[in-house]
Structures are given as structure tokens and as C-alpha cells.
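Student: Predicted model follows, preceded by the sequence.
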Amino acid sequence: MTRIIDLSMPIEDHFRWPVERRVNGSHAQGDVFEATWVGWTVHGFTHMDAARHCVPGGPTTEQIPLERTVGEAAVIDLTPIEPNEAITAPRLAAAAGHVREGDIVVMRSCWEQQRSPRTPEFWTDAPYMTREASEWLLERRPRAVAFDFPQDYTIRLLLKGERRPLAENVTHDVLLRNGVTLIEYLSNTAALTGPRTFLCCLPLKIPGADGAPARVIALEDA
């Protein structure tokens, strides 16, 4: 029997990502159908980054094959994690000996157990990847890397309206710019039980887009 683990954030109004939502039609008023309309940034909530996000002329969402984000995954367990902890290459080397070339890598910090994603502190107090750690991952040649925390230190600066050069957005500069797809803002990673899983990240097929919302699940033997 297969256990399905939902690793996706709910899409609801958020202080970082306002969600426009309305319902056309009303059963209470006698309409046959109700139809909900929603709108939000493709880089909000659980989503996939296409290279176009930071690479001029890079591949867009529909050009990334699903084989890139569906398949065998290595789970790097970073627990316990400290607020504002810099994740270093030695930290990854100690926890990620099971990573194979071509894996999807899941970074499991369970950070949401310490700070709620609905609060500013989830972002401002978060652990973050160093450039050396990102380069260590790139050397393992993964297909994609998924994070359950805001992985670049610069993400917290966005809350202040401060945008930093690409080189300081280290996972985007080191990984995404070199063909490794990024899957951002996983949730519920505490439910993952072992060092390997089967990950399914299914981004919406939005032609010409630099990213896409995604439903992400893991499949494990019950």
C-alpha cells in the first residue's frame, strides 16, 4: 500500500502574496454553478522556478519536462536546525552521503515547526544556504532541489523591499542558472520517514512563464 504525503502549502491570503479570490455565481441565489476565480504570483506558495526566472532567454515553465521534477528523491535531513543557521557544505556532506547523480534532492529542515509561514519570522529568522553548500549540491548533479525554508538569505531582505544582485541569491545563481530546477516552499516535510522517497512536483503548464504553482506530493510504502 502506498502512502501519499502532501508537501504543498495551502493557497490562501498571505502577507507576502495577496490572493485575489472571488466566486462567480451563487447556489443560494439559484445559480446552477458556482465558479471560483483566483489570482496570485507564480512564485508564491509551493511552486517551481523555471530558469527564465533569473536567466535571460532561459527555458520557461512549459519547456521543463516533468521528468525533471517527478522521480526518485534523496531527503537530506537538516533537523535539528537553528534560527539563522548558515547551512554549510560540511553540514550537507555529513547528512547527504546517500545523494545520487540525477536525484531530486529534498532539503528537510522542518523549519515550519519553529516558525509559521504565515508570520514574518518564518522568513526573517530562517536558516539559509551558503554559496559553498549550493556548489556542493551542484557537484552532485541533481535534477532538482526542493526546499522547505526560504533558502537564500536575500529572501528576508525582500520583506524590506531590498533586492540584491543575483550572485547573492546563491541557490538561484549556483543551481537554477546551471540547469537545476528549484522547487520552493514545501510544507509538511516532517511526514517524510526516510532518506529516500518518490517525489511528484506537478507545476501548472503556463506557457512563457518563469515559474508555476505546483502540487507536490511524496509517495512512500505504508
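Tutor: Nice, I can see it.
Student: which residues does residue 41 contact?
Tutor: Listed by C-beta atoms under 8 Å, 6 or more residues apart in numbering, the contact partners of residue 41 are residue 17. To be clear about C-beta, it is placed using only N, CA and C from the backbone, and glycine gets the same treatment.
Student: Across the sheet, point out what pairs with the spatially most central residue of the chain.
Tutor: Nearest residue to the geometric centre of the chain (C-alpha atoms, centre = their mean): residue 184, 1.3 Å. Beta-bridge pairing for residue 184 (DSSP bridges): residue 47.
Student: What does the pLDDT read for it?
Tutor: With respect to pLDDT, residue 184 scores 98.
Student: Roughly how far does it sit from residue 27?
Tutor: Noted for residue 184: a distance of 36 Å to residue 27, by C-beta to C-beta, to the nearest Å.
Student: what about the residue nearest to residue 96 when sequence neighbours are not counted, neighbour count?
Tutor: Spatial nearest neighbour of residue 96, chain neighbours left out: residue 76 (4.6 Å); criterion: C-beta to C-beta, 6 or more residues apart in numbering. Counted with other C-beta atoms under 10 Å, residues neighbouring residue 76 total 22.
Student: Let me see the contact set for residue 76.
Tutor: By C-beta under 8 Å, 6+ apart, the contact list for residue 76 reads 92, 95-96, 99, 105-108.
Student: could you redo the last one with a cut-off of 6 Å?
Tutor: 95-96, 107 (C-beta atoms under 6 Å, 6 or more residues apart in numbering).
Student: got those residues as a markdown table, with distance to residue 217 and neighbour count columns?
Tutor: As requested, the contacts of residue 76 are exported to a markdown table (distance: C-beta to C-beta, whole Å; neighbours: other C-beta atoms under 10 Å):
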| residue | distance to residue 217 | neighbour count |
| --- | --- | --- |
| 95 | 23 | 18 |
| 96 | 22 | 21 |
| 107 | 17 | 28 |
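Student: So which of those sit within strands?
Tutor: Residues of those located in strands (DSSP state E): residue 107.
Student: okay, the contacts of residue 76 in JSON lines with distance to residue 147 and pLDDT next?
Tutor: Converted to JSON lines, the contacts of residue 76 look like this (distance: C-beta to C-beta, whole Å; pLDDT from 0 to 100):
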{"residue": "95", "distance to residue 147": "14", "pLDDT": "97"}
{"residue": "96", "distance to residue 147": "14", "pLDDT": "97"}
{"residue": "107", "distance to residue 147": "5", "pLDDT": "98"}
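Student: Closest one of the contacts of residue 76 to residue 32?
Tutor: Among these, residue 107 lies closest to residue 32 (C-beta to C-beta), at 46.1 Å.
Student: Identify, from the contacts of residue 76, the entry nearest to residue 140.
Tutor: Nearest member of the contacts of residue 76 to residue 140, counting by C-beta to C-beta, is residue 96, at 7.6 Å.
Student: And that closest one, how close does it get to residue 31?
Tutor: Distance from residue 96 to residue 31, by C-beta to C-beta: 53 Å.
Student: do residue 179 as well
Tutor: From residue 179 to residue 31 the distance is 48 Å (C-beta to C-beta).
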